[in-house]
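Asks: what would the 3D arrangement of this be:
(one chain, ligands or ions: 1)
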Amino acid sequence: MLKVGINAYGTIGKRVADAVSKQSDMVVAGVVKAHPNYMSQVASKRFKLFVPDKSYLKSFQDAGIKVEGTLDELIEEADIIVDATPEGEGEKYKAIYEKANKKAIFQGGEEHELTGLSFNAYANYEEAWGRDYVRVVSCNTTALIRTIYPLTSFGKIKVRANLVRRATDPDDYTKGPINSIVPDLKIPSHHGPDVASVIKGLDIETMAVKVPTTLMHLHFVNVQLPREVGKDEIMEKWKGLRRIAFVSGKDGVKSTSQIMDVARETGRERSDLYEIMLWKDSVSSKGGELFYYQAVHQESDVVPENIDAIRSMFQLKDKESSIRETDRTLKIGDLVYGR
Ligand code: NAD
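Replies: All right, here's what the predicted structure looks like:
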């Protein structure tokens, strides 16, 4: 059993911890919390809890939260660290993992250059084979790759995508905007180059705006295909992939809030939707041009990718076997509604 240490138990870290504990080839060695708050109390009931360093011990002790030790001790005990610290922090921690000679996975808030390998299970599982450091790309980038990568089998494609980004996650009361739409004035937004760091050579440009919602991101995607391809042929490519699910306005699913209701009503833990939710009514293919809308549950779509990255880095299973096992254990593709 591979021992996985998780540095930070926030939006991504707590989900990766739960996903690891559902696998039969890995266990959670422990999780790191930096603040003795309600989430630390929850975490300490489920996993061995560690703190970043000794200076944090007293505040946890004062709050009556049991701590097993410090990050250094967790690194010692673990075979790999999944770093889910806030954007930019992973870079600082990498030197510590390297010094301890431990493998590590970083998240999309870090730069591609930190590991030299940005990961998506469908697109480049094999490239992480045996590697020591891998970065799982962000929620938006993961979503774009999931639906765009299968289209590359038609030949050379050109992608222009617009992203409507949720302002922040549901548990965060500190960030906005509250009454504004905020365009990302850097064009292309970082998402396009990030997709191209995984699907090498892809012609892609992206623009993004931030809006006052916390539930999901929404993408408008336009793909120029090398030839006229019928909607059915395109749908067939996507239907073979469990990490893409379909919704329809005809069923009354016309908004991201209803998609999240699908997650709640179909019994998903935490209302997580690991799948990219694609509106099948929006899929329009004419004259070699494809258009579609997709919605992204930013808190969870990268979680299965972290599990597959671990397996590839330790050469535990081939691509198909790993994806199948991750999907089976997380019930991906099992939505009562949405296939
Ligand atoms: P988060 O803010 O929800 O959680 C981060 C956790 O780290 C918090 O529990 C915080 O207390 C803890 N922390 C803060 N400073 C720390 C430190 N110095 N050492 C250890 N722990 C510390 O963040 P998140 O949303 O889970 O993001 C983590 C990473 O995942 C980022 O790179 C982010 O870009 C990426 N990501 C986030 C999302 C998302 O939608 N939230 C989606 C995909 C990828």
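
Asks: ok, residue 189 - contacts?
Replies: Taking Cβ atoms under 8 Å, 6 or more residues apart in numbering, we find residue 189 in contact with 163, 206-208. For the C-beta atoms, the positions are set from N, CA and C on the backbone; glycine is no exception.

Asks: isn't there a helix covering residue 165?
Replies: No - Residue 165 is assigned strand when assessed by DSSP: H, G, I helix; E, B strand; the rest coil, not a helix.

Asks: flag the shaky bits of the protein, pLDDT-wise.
Replies: 338-339 (pLDDT under 70).

Asks: which residues of it lie near the ligand?
Replies: 7-13, 32, 34-35, 52, 84-87, 89, 107-110, 138-139, 169, 298-299, 302 (Cβ under 6 Å from any ligand atom).

Asks: ends of stretch 131-146, what's the gap?
Replies: 22 Å (Cα to Cα, to the nearest Å).

Asks: and the next helix or strand past the host helix or strand of residue 44?
Replies: Following DSSP states H and E, one finds residue 44 within helix 38-46. Taking DSSP H and E as the definition, the helix or strand that follows helix 38-46 towards the C-terminus is strand 49-51.

Asks: for residue 104, what is the enclosing helix or strand?
Replies: For residue 104, the host element (DSSP H and E) is strand 103-106.

Asks: neighbouring strands - and their directions - for that strand?
Replies: strand 80-83 (parallel), strand 133-136 (parallel) (DSSP bridges).

Asks: which neighbouring elements make contact with the helix holding residue 44?
Replies: Applying 3 or more Cβ pairs under 8 Å, 6 or more residues apart in numbering; DSSP states H and E, we find helix 38-46 packed against helix 11-21.

Asks: circling back to that earlier point, give me the residues contacting the strand holding residue 104.
Replies: 79-83, 90, 93-94, 97, 114-115, 131-136, 306, 309-310, 313-314.

Asks: what's the PyMOL syntax to select whichever of those are buried?
Replies: Restricted to buried positions by 16 or more other Cβ atoms under 10 Å, the PyMOL selection for the contacts of strand 103-106 reads:
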select buried, resi 79+80+81+82+83+90+93+94+97+114+115+131+133+134+135+136+306+309+310+313+314
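
Asks: tell me how far the residue in the stretch 1-150 of the chain that the ligand sits nearest to lies from residue 125.
Replies: With Cβ to the nearest ligand atom as the measure, residue 10 is the residue of the stretch 1-150 of the chain nearest to the ligand, at 1.7 Å. According to Cβ to Cβ, to the nearest Å, residue 10 stands 26 Å off from residue 125.

Asks: neighbour-wise, which of the two wins?
Replies: Using other Cβ atoms under 10 Å as the criterion, residue 10 and residue 125 rank with residue 125 on top: 21 against 17.

Asks: which ones are touching the more buried one?
Replies: 119, 308, 312, 319, 322-323.

Asks: could you pull out the helices for the stretch 151-300 of the chain?
Replies: 191-196, 231-239, 256-265 (DSSP state H, counting those that start in this stretch).

Asks: just checking, what packs against the longest one?
Replies: When you say that, I think you mean helix 256-265. On a contact count with 3+ Cβ pairs under 8 Å, 6+ apart, helix 256-265 meets no helix or strand.

Asks: next, the buried residues of that helix.
Replies: Residues 256, 259-260, 262-263 are the ones in helix 256-265 that count as buried (16+ other Cβ under 10 Å).

Asks: out of those, which is nearest to residue 48?
Replies: Nearest to residue 48 out of the buried residues of helix 256-265 is residue 263 (Cβ to Cβ; 29.5 Å).

Asks: right, and that closest one touches residue 269 too?
Replies: No - checked against Cβ atoms under 8 Å, the pair residue 263 and residue 269 is beyond contact range at 9.4 Å.
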